[in-house]
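Q: pasting the structure only:
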C-alpha cells in the first residue's frame, strides 16, 4: 500500500512538472510594461500623465495632436505642448475641470501648423504643466490614410 502511495506522489510531481513545461522557467509577458498602442506615454508636472500621444499629418505642414491627459487634480489646469523646441509653435491644452481625463481628438483639436513632420517620423514634443517639470516625448507622426485616423487629420480650414 505504501508503494502505491509513493508511486502516486512521484507521478503527481512528474505530471505537474511536465504540464508546467516552458512556463516553469520562462518570464511572464504580463509583467513587462509596454505601450500597446500607436502613440507614446509619459508622466510630467504634478502627477499629470499623457497617454497614447501621436500626431496625425494632414499635409501642408499641419498635424493634429491626439492624446489623453490624466490629471490627479479635478479642478483642471493647463498643459503646454511645444514641438521641436520651437516656442512659436507652442499650443495650450485646457484640462477639463471636474474630470480627471481630458481627451484631445475627434471633438477637441490641437493643430500645429508649419510643423515639418512626415508620416513615419518622430517629433519631439515637450509637455509641461504650470508649476511642474516637463517631459519630452518622441511622438510618432501617422498618416490620415489609415481609416481609423481619417477624421483626426486637420481640416483644410485649420491649415
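A: Alright, I've got the coordinates. Model, not experiment: these values are computed from the prediction.
Q: Skipping its backbone neighbours, what lies nearest the most centrally placed residue in the chain in space?
A: Residue closest to the average C-alpha location in the chain (C-alpha atoms, centre = their mean): residue 52, at 2.3 Å. Closest residue to residue 52 apart from its sequence neighbours, by C-beta to C-beta, 6 or more residues apart in numbering: residue 39 at 3.8 Å. The C-beta positions use only the backbone N, C-alpha and C, and glycine is treated the same way.
Q: Can you give me the pLDDT of the one you found?
A: Residue-level confidence at residue 39 comes out at 91, pLDDT.
Q: Would you mind measuring from it to residue 3?
A: Taking C-beta to C-beta, to the nearest Å as the measure, residue 39 falls 63 Å from residue 3.
Q: Same question for residue 151.
A: Note on residue 151: its distance to residue 3, by C-beta to C-beta, is 73 Å.
Q: higher neighbour count, these two?
A: Set side by side, residue 151 and residue 3 give different neighbour counts by other C-beta atoms under 10 Å, the larger being at residue 151 (11 against 7).
Q: Next, the buried residues of the strand ranked longest in the chain.
A: When the chain is parsed with DSSP state E, its longest strand is strand 48-59. By neighbour count with 16 or more other C-beta atoms under 10 Å, strand 48-59 contains the buried residues 48, 49, 50, 51, 52, 53, 54, 55, 56, 57, 58.
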